[in-house]
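[1] what follows is a predicted protein model with its sequence.
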Amino acid sequence: MAMDEHTGIATDATTDATTDAAVDVSEDAAALAGSDDVTRYPIAPGYRVNVRTGPGTKYGIVRTLPYGMKVPVYCQKPGERVTGPYGTSNLWDNIANGQFVADAYVHTGSDGYIAPRCD
């Protein structure tokens, strides 16, 4: 699996290697498939995106999202600038308590904030 050195985001759909910090993808899907009434946004097709403890690639990896995942965005926070399939941005999306993904990999339909700023 090819791993972008800067972002730590897997980009090769031909294998499914994960880091020790990643949990089983079925648990990821179950955890994010909750029944809350929040809009969910798709992760860019063909990408397995790392979920981090904060808004930057220097933060630890909590898990890696499976292909085709949609995520809620509860709030957004400025952080490390990242380039992805949806442009370059310093916005990071909070998808669960203490869990962030780079907005450049989430199709929100906007280059700016679509949710409140995180405290």
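    Nice, thanks for sending it over.
[2] Val51: helix or strand, and which one exactly?
    Using DSSP states H and E, Val51 maps to strand 50-52.
[3] pLDDT on that strand, on average?
    Here strand 50-52 scores 98 as its mean pLDDT.
[4] ok, stretch 60-78 next?
    Average pLDDT, stretch 60-78: 97.
[5] now do stretch 81-98
    Taken as a whole, stretch 81-98 has an average pLDDT of 97.
[6] got the end-to-end distance for that stretch?
    19 Å (CA to CA, to the nearest Å).
[7] buried residues in that stretch?
    By 16 or more other CB atoms under 10 Å, the buried positions in stretch 81-98 come out as Val82, Gly84, Tyr86, Ser89, Leu91, Trp92, Asp93, Asn94, Ile95, Ala96. Yep, even glycine has a C-beta here, placed from its N, CA and C like the rest.
[8] could I get those in CSV, plus columns for distance to Gln76?
    Converted to CSV, those look like this (distance: CB to CB, whole Å):
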residue, distance to Gln76
Val82, 13
Gly84, 15
Tyr86, 14
Ser89, 10
Leu91, 5
Trp92, 7
Asp93, 6
Asn94, 7
Ile95, 10
Ala96, 14
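[9] inside strands: which ones of those residues?
    Val82, Gly84, Ser89, Leu91, Trp92, Asp93, Asn94, Ile95, Ala96 (DSSP state E).
[10] CSV please, covering the residues you listed and showing distance to Leu65.
    Converted to CSV, these look like this (distance: CB to CB, whole Å):
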residue, distance to Leu65
Val82, 15
Gly84, 13
Ser89, 18
Leu91, 17
Trp92, 14
Asp93, 11
Asn94, 14
Ile95, 9
Ala96, 11
